[in-house]
Structure formats: C-alpha cells, structure tokens
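Student: Fold the following.
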Amino acid sequence: MIRGTIAVAEELCKGCELCIGSCPQESIGLSEKINIKGYRFVMLVQENCTGCTNCALVCPEAAITVYRQKKTPVKREPALAEA
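Tutor: Presented below is the predicted three-dimensional model:
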C-alpha cells in the first residue's frame, strides 16, 4: 500500500480549487488562512492521501508537490508443518 502527502507552496496557491475537485480521496481543502496575495490556499485536510498526483497535475501554479512512501510489508514466518 502506498501512502502519500502533499506540500503546498502557500504563497503560490491562488485557491482555484482545481486540486480539490481532482482528489479522489477528498484529502485536500481550503485553509481558513490567507496568503500574502490575499488568497485562501489549499492544504491536506485528511490523512488519507494515496500520492496519486492528480492535484499536482492540475495545479496551474505548480504549487503542489506530492510525496509517496511505500509501506514496508510485514515479513511473516512460514507456518510449521504439523507432524
């Protein structure tokens, strides 16, 4: 399973919401804060991001960077044969 997260360049974001609509996990939302340009910027609002990159691909300002981390599977010992 792949888990992801995003980093938003808050000063570049214009709050167009294209990324919000493109997120299949509904992980992104608008912040209550505003940036130096007077826009509400986007942020991760849920910790269920899969790192699909849809948000970064549609962002006209290239303000979103997506990070993915592959979960390490748990190594299981083989079951012992019963005699």
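
Student: and stretch 7-21, how far apart are its ends?
Tutor: End-to-end distance for stretch 7-21: 17 Å, by C-alpha to C-alpha, to the nearest Å.

Student: Stretch 12-31 too?
Tutor: Termini of stretch 12-31 sit 14 Å apart (C-alpha to C-alpha).

Student: Now do it: everything it contacts.
Tutor: 6, 10, 35, 37, 39-50, 52, 54-64 (C-beta atoms under 8 Å, 6 or more residues apart in numbering). (Glycine included, C-beta is placed from N, CA and C.)

Student: Separate out the buried members of the residues you listed.
Tutor: Among these, the ones that count as buried by 16 or more other C-beta atoms under 10 Å are 6, 10, 35, 39-44, 49-50, 52, 54-56, 59, 63-64.

Student: Buried ones in stretch 11-23, by neighbour count?
Tutor: So for stretch 11-23, counting by 16+ other C-beta under 10 Å, buried means 12-15, 18-20, 22-23.

Student: Grab the two from those that are most spread out in space.
Tutor: Using C-beta to C-beta, those span at most 18.1 Å, a distance reached by 12 and 23.
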